[in-house]
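Visitor: sequence? don't have it. structure:
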(Lines give C-alpha, C1' and ligand atoms only; values in the text may rest on other atoms or scores of the structure.)
Protein backbone atom coordinates (compact mmCIF):
# COMPACT_ATOMS: atom_id res chain seq x y z
CA UNK A 1 0.00 0.00 0.00
CA UNK A 2 2.14 2.86 -1.29
CA UNK A 3 -0.55 5.54 -1.44
CA UNK A 4 -0.02 7.62 1.73
CA UNK A 5 -3.70 8.57 2.01
CA UNK A 6 -4.81 4.93 1.82
CA UNK A 7 -2.17 3.96 4.37
CA UNK A 8 -3.24 6.78 6.69
CA UNK A 9 -6.90 5.81 6.31
CA UNK A 10 -6.13 2.16 7.05
CA UNK A 11 -4.34 3.13 10.26
CA UNK A 12 -7.22 5.40 11.32
CA UNK A 13 -9.70 2.54 10.76
CA UNK A 14 -7.46 0.15 12.71
CA UNK A 15 -7.34 2.66 15.57
CA UNK A 16 -11.12 2.99 15.56
CA UNK A 17 -11.51 -0.80 15.73
CA UNK A 18 -9.07 -0.98 18.64
CA UNK A 19 -10.85 1.72 20.66
CA UNK A 20 -14.24 0.13 19.95
CA UNK A 21 -12.96 -3.31 20.93
CA UNK A 22 -11.61 -2.04 24.25
CA UNK A 23 -14.72 0.04 24.97
CA UNK A 24 -17.09 -2.80 24.12
CA UNK A 25 -15.17 -5.31 26.23
CA UNK A 26 -15.01 -2.99 29.26
CA UNK A 27 -18.72 -2.17 28.98
CA UNK A 28 -19.61 -5.86 28.75
CA UNK A 29 -17.67 -6.67 31.91
CA UNK A 30 -17.98 -3.52 34.04
CA UNK A 31 -21.16 -1.91 32.70
CA UNK A 32 -22.04 1.39 31.05
CA UNK A 33 -21.75 3.67 34.07
CA UNK A 34 -18.51 5.52 34.75
CA UNK A 35 -16.22 4.06 37.39
CA UNK A 36 -12.57 4.57 38.19
CA UNK A 37 -11.97 0.87 37.58
CA UNK A 38 -13.46 1.01 34.08
CA UNK A 39 -11.44 4.17 33.31
CA UNK A 40 -8.21 2.45 34.37
CA UNK A 41 -8.96 -0.67 32.32
CA UNK A 42 -9.87 1.38 29.24
CA UNK A 43 -6.70 3.45 29.51
CA UNK A 44 -4.36 0.51 30.06
CA UNK A 45 -6.09 -1.65 27.45
CA UNK A 46 -6.00 1.02 24.76
CA UNK A 47 -2.31 1.79 25.17
CA UNK A 48 -1.37 -1.91 25.40
CA UNK A 49 -3.30 -2.64 22.21
CA UNK A 50 -2.63 0.47 20.12
CA UNK A 51 1.02 1.30 20.78
CA UNK A 52 2.41 -2.15 19.86
CA UNK A 53 0.22 -2.17 16.75
CA UNK A 54 1.72 1.10 15.51
CA UNK A 55 5.24 -0.07 16.33
CA UNK A 56 4.78 -3.37 14.47
CA UNK A 57 3.28 -1.68 11.40
CA UNK A 58 5.98 0.98 11.36
CA UNK A 59 8.81 -1.53 11.73
CA UNK A 60 7.67 -4.48 9.61
CA UNK A 61 5.21 -3.06 7.07
CA UNK A 62 6.73 0.38 6.56
CA UNK A 63 10.20 -1.16 7.10
CA UNK A 64 11.45 1.81 9.10
CA UNK A 65 13.44 1.84 12.36
CA UNK A 66 11.47 2.44 15.56
CA UNK A 67 13.85 5.29 16.39
CA UNK A 68 12.36 7.26 13.48
CA UNK A 69 8.93 7.22 15.10
CA UNK A 70 9.74 10.19 17.32
CA UNK A 71 8.77 8.82 20.74
CA UNK A 72 12.28 9.14 22.18
CA UNK A 73 12.69 11.29 25.28
CA UNK A 74 15.02 14.24 24.87
CA UNK A 75 15.40 17.91 25.69
CA UNK A 76 13.58 18.77 22.46
CA UNK A 77 10.73 16.40 23.38
CA UNK A 78 10.44 17.95 26.84
CA UNK A 79 10.36 21.47 25.42
CA UNK A 80 7.68 20.46 22.89
CA UNK A 81 5.56 18.82 25.61
CA UNK A 82 5.71 21.91 27.84
CA UNK A 83 5.04 24.26 24.92
CA UNK A 84 2.00 22.27 23.83
CA UNK A 85 0.58 22.05 27.35
CA UNK A 86 1.19 25.69 28.32
CA UNK A 87 -0.09 27.04 25.00
CA UNK A 88 -3.52 25.58 25.75
CA UNK A 89 -3.54 25.80 29.54
CA UNK A 90 -2.63 29.50 29.89
CA UNK A 91 -5.57 30.86 27.85
CA UNK A 92 -7.83 28.26 29.47
CA UNK A 93 -7.01 29.66 32.92
CA UNK A 94 -7.71 33.21 31.71
CA UNK A 95 -11.04 32.11 30.22
CA UNK A 96 -11.90 30.21 33.41
CA UNK A 97 -11.27 33.29 35.58
CA UNK A 98 -13.22 35.52 33.19
CA UNK A 99 -16.27 33.29 33.11
CA UNK A 100 -16.25 32.86 36.90
CA UNK A 101 -15.85 36.60 37.47
CA UNK A 102 -18.66 37.57 35.10
CA UNK A 103 -20.96 34.79 36.32
CA UNK A 104 -21.42 33.35 32.82
CA UNK A 105 -20.56 29.92 34.18
CA UNK A 106 -20.03 28.96 37.80
CA UNK A 107 -18.18 25.92 39.16
CA UNK A 108 -18.96 24.38 42.53
CA UNK A 109 -16.47 22.08 44.24
CA UNK A 110 -18.49 19.18 45.64
CA UNK A 111 -15.70 17.01 47.07
CA UNK A 112 -12.94 17.59 49.64
CA UNK A 113 -10.15 19.70 48.16
CA UNK A 114 -7.40 17.24 49.04
CA UNK A 115 -9.34 14.39 47.45
CA UNK A 116 -9.49 16.28 44.16
CA UNK A 117 -5.82 17.33 44.37
CA UNK A 118 -4.78 13.74 45.05
CA UNK A 119 -6.83 12.51 42.08
CA UNK A 120 -5.28 14.87 39.52
CA UNK A 121 -1.97 12.95 39.03
CA UNK A 122 -3.94 9.73 38.43
CA UNK A 123 -6.22 11.51 35.97
CA UNK A 124 -3.19 12.90 34.10
CA UNK A 125 -1.82 9.35 33.78
CA UNK A 126 -5.17 7.98 32.60
CA UNK A 127 -5.53 10.77 30.01
CA UNK A 128 -2.00 10.08 28.81
CA UNK A 129 -2.69 6.35 28.39
CA UNK A 130 -6.26 6.48 27.03
CA UNK A 131 -6.21 9.55 24.79
CA UNK A 132 -2.97 11.52 24.50
CA UNK A 133 -0.33 8.87 23.80
CA UNK A 134 -2.23 6.44 21.54
CA UNK A 135 -4.19 9.08 19.61
CA UNK A 136 -1.18 11.31 18.99
CA UNK A 137 1.00 8.34 18.10
CA UNK A 138 -1.54 7.31 15.46
CA UNK A 139 -2.59 10.67 14.01
CA UNK A 140 0.19 13.17 14.69
CA UNK A 141 3.10 10.76 14.31
CA UNK A 142 2.39 7.68 12.19
CA UNK A 143 -0.22 9.25 9.90
CA UNK A 144 1.51 12.66 9.91
CA UNK A 145 4.83 11.13 8.90
CA UNK A 146 3.34 8.98 6.14
CA UNK A 147 1.45 11.89 4.62
CA UNK A 148 4.27 14.40 5.01
CA UNK A 149 6.70 12.20 3.09
CA UNK A 150 4.78 12.72 -0.16
CA UNK A 151 2.39 15.63 0.42
CA UNK A 152 2.78 19.28 1.35
CA UNK A 153 2.49 20.17 5.02
CA UNK A 154 -0.85 21.90 4.34
CA UNK A 155 -2.35 18.75 2.86
CA UNK A 156 -0.78 16.66 5.63
CA UNK A 157 -2.38 18.75 8.37
CA UNK A 158 -5.73 18.85 6.56
CA UNK A 159 -5.98 15.13 5.84
CA UNK A 160 -4.90 14.01 9.30
CA UNK A 161 -7.42 16.48 10.81
CA UNK A 162 -10.23 15.06 8.66
CA UNK A 163 -9.27 11.49 9.60
CA UNK A 164 -9.12 12.46 13.29
CA UNK A 165 -12.51 14.17 13.03
CA UNK A 166 -14.08 11.11 11.41
CA UNK A 167 -12.42 8.84 13.96
CA UNK A 168 -13.72 10.86 16.91
CA UNK A 169 -17.23 11.21 15.50
CA UNK A 170 -17.46 7.52 14.62
CA UNK A 171 -16.20 6.49 18.05
CA UNK A 172 -18.81 8.64 19.79
CA UNK A 173 -21.59 7.29 17.56
CA UNK A 174 -20.59 3.67 18.12
CA UNK A 175 -19.94 3.85 21.87
CA UNK A 176 -22.37 6.62 22.91
CA UNK A 177 -25.15 6.31 20.36
CA UNK A 178 -24.75 9.68 18.66
CA UNK A 179 -22.89 12.98 18.40
CA UNK A 180 -23.96 16.59 17.94
CA UNK A 181 -22.74 18.59 14.92
CA UNK A 182 -20.88 20.94 17.29
CA UNK A 183 -18.92 18.07 18.83
CA UNK A 184 -18.17 16.60 15.42
CA UNK A 185 -16.85 19.97 14.23
CA UNK A 186 -14.81 20.28 17.43
CA UNK A 187 -12.98 17.02 16.64
CA UNK A 188 -12.02 18.43 13.23
CA UNK A 189 -10.79 21.75 14.67
CA UNK A 190 -8.86 20.06 17.47
CA UNK A 191 -7.25 17.71 14.93
CA UNK A 192 -6.16 20.67 12.81
CA UNK A 193 -4.69 22.54 15.79
CA UNK A 194 -2.86 19.45 17.02
CA UNK A 195 -1.48 18.92 13.51
CA UNK A 196 -0.14 22.47 13.41
CA UNK A 197 1.39 22.00 16.88
CA UNK A 198 3.10 18.87 15.55
CA UNK A 199 4.46 20.83 12.60
CA UNK A 200 5.64 23.83 14.63
CA UNK A 201 7.32 21.85 17.44
CA UNK A 202 8.70 19.17 15.11
CA UNK A 203 7.78 16.54 17.70
CA UNK A 204 4.79 14.38 18.58
CA UNK A 205 5.39 15.41 22.20
CA UNK A 206 4.01 18.87 21.41
CA UNK A 207 0.48 17.64 20.64
CA UNK A 208 0.78 15.06 23.42
CA UNK A 209 1.38 17.89 25.90
CA UNK A 210 -1.60 19.87 24.61
CA UNK A 211 -3.78 16.76 24.61
CA UNK A 212 -2.87 15.96 28.22
CA UNK A 213 -3.65 19.51 29.39
CA UNK A 214 -6.90 19.74 27.41
CA UNK A 215 -8.35 16.38 28.35
CA UNK A 216 -7.29 16.54 32.00
CA UNK A 217 -9.05 19.88 32.51
CA UNK A 218 -12.13 18.77 30.57
CA UNK A 219 -12.51 15.45 32.38
CA UNK A 220 -11.78 16.92 35.80
CA UNK A 221 -14.39 19.68 35.52
CA UNK A 222 -17.06 18.19 33.25
CA UNK A 223 -17.42 14.63 34.58
CA UNK A 224 -20.22 15.08 37.13
CA UNK A 225 -20.46 11.31 37.66
CA UNK A 226 -17.13 11.51 39.47
CA UNK A 227 -18.62 13.96 41.96
CA UNK A 228 -15.79 16.50 42.11
CA UNK A 229 -17.38 19.54 40.44
CA UNK A 230 -20.82 20.74 39.36
CA UNK A 231 -21.25 23.40 36.65
CA UNK A 232 -24.42 25.45 36.23
CA UNK A 233 -23.91 25.79 32.47
CA UNK A 234 -21.67 22.94 31.28
CA UNK A 235 -22.47 23.34 27.57
CA UNK A 236 -21.44 27.02 27.52
CA UNK A 237 -18.37 26.20 29.60
CA UNK A 238 -17.31 23.38 27.31
CA UNK A 239 -17.88 25.43 24.16
CA UNK A 240 -15.99 28.57 25.18
CA UNK A 241 -13.73 27.90 28.21
CA UNK A 242 -12.56 24.44 27.13
CA UNK A 243 -12.93 24.92 23.38
CA UNK A 244 -13.09 28.16 21.43
CA UNK A 245 -11.04 30.52 23.61
CA UNK A 246 -7.97 28.38 24.40
CA UNK A 247 -7.83 26.66 21.00
CA UNK A 248 -8.06 30.04 19.26
CA UNK A 249 -4.98 31.25 21.15
CA UNK A 250 -2.86 28.09 21.15
CA UNK A 251 -0.82 29.01 18.08
CA UNK A 252 -0.19 32.58 19.26
CA UNK A 253 1.42 31.28 22.46
CA UNK A 254 3.13 28.40 20.68
CA UNK A 255 4.99 30.81 18.41
CA UNK A 256 6.36 32.44 21.55
CA UNK A 257 8.16 29.15 22.26
CA UNK A 258 9.13 28.71 18.59
CA UNK A 259 9.45 32.26 17.17
CA UNK A 260 11.36 31.24 14.03
CA UNK A 261 8.37 29.23 12.77
CA UNK A 262 5.88 32.07 13.15
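Guide: Nice, thanks for sending it over. Worth saying up front: this structure is predicted, and the values here are computed from it rather than measured. Numbering: from 1, shown residues only.

Visitor: doesn't residue 143 lie inside a strand?
Guide: No. Counting by DSSP: H, G, I helix; E, B strand; the rest coil, residue 143 is located in no strand; its state is helix.

Visitor: OK, contacts around it?
Guide: Residues in contact with residue 143 (Cβ atoms under 8 Å, 6 or more residues apart in numbering) are 8, 11, 12, 159, 160, 163. Where C-beta positions appear, they are placed from N, C-alpha and C, glycine not excepted.

Visitor: any regions of the protein where pLDDT drops low?
Guide: 1, 261-262 (pLDDT under 70).

Visitor: residue closest to the middle of it?
Guide: residue 211 (3.9 Å; Cα atoms, centre = their mean).

Visitor: quick check on that one: phi, psi?
Guide: Note on residue 211: its backbone torsions stand at phi -60, psi -40 [degrees, to the nearest 10].

Visitor: before we move on, the earlier item: mind listing which of the contacts of residue 143 are in strands?
Guide: Among those, no member falls in strands (DSSP state E).

Visitor: now a ChimeraX select for only the buried ones of these.
Guide: Applying 16 or more other Cβ atoms under 10 Å to these, the buried members can be selected in ChimeraX as follows:
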select :8,11,12,159,160,163
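
Visitor: between the contacts of residue 143, which is nearest residue 81?
Guide: Ranked by distance to residue 81 (Cβ to Cβ), the contacts of residue 143 are led by residue 160 at 19.4 Å.

Visitor: how about the contacts made by that closest one?
Guide: Counting by Cβ under 8 Å, 6+ apart, residue 160 has contacts 8, 139, 140, 143, 144, 147, 191, 195.

Visitor: for it, give its distance to residue 255.
Guide: From residue 160 across to residue 255, the span is 21 Å (Cβ to Cβ, to the nearest Å).

Visitor: show residues contacting stretch 210-219.
Guide: Looking at what lies outside stretch 210-219 - Cβ under 8 Å, 6+ apart - the contacts are 84-89, 92, 120, 123-124, 127-128, 131-132, 135-136, 190, 193-194, 197, 238, 242, 246, 250.

Visitor: report the buried members of those residues.
Guide: Counted by 16+ other Cβ under 10 Å, the contacts of stretch 210-219 give 84-89, 92, 123-124, 127-128, 131-132, 135-136, 190, 193-194, 197, 238, 242, 246, 250 as buried.

Visitor: give the contact list for residue 177.
Guide: Counting by Cβ under 8 Å, 6+ apart, residue 177 has no contacts.

Visitor: start the count at 3 instead of 1 going forward.
Guide: Renumbered: residue one is now 3, and that last one reads residue 179.

Visitor: just the ones in helices from the buried ones among the contacts of stretch 212-221, please.
Guide: If you go by DSSP state H, the buried ones among the contacts of stretch 212-221 have 86-91, 94, 125-126, 129, 137-138, 192, 195-196, 199, 248, 252 in helices.

Visitor: which residues in the stretch 103-252 of the chain form strands?
Guide: Here the stretch 103-252 of the chain has its strands, by DSSP state E, counting those that start in this stretch, at 109-111, 231-233.

Visitor: what pairs with the first one, parallel or antiparallel?
Guide: What that stands for is strand 109-111. Take DSSP bridges as the rule and strand 109-111 pairs in its sheet with strand 231-233 (antiparallel).

Visitor: contacts for the strand it pairs with?
Guide: 107, 108, 109, 110, 111, 112, 113, 222, 223, 224, 226, 239.

Visitor: try 10 Å
Guide: 101, 107-113, 118, 222-226, 239-240, 243 (Cβ atoms under 10 Å, 6 or more residues apart in numbering).

Visitor: next, the buried residues of it.
Guide: Under the neighbour-count rule (16+ other Cβ under 10 Å), strand 231-233 has 231, 233 buried.

Visitor: could you do stretch 26-41 as well?
Guide: 28, 40, 41.
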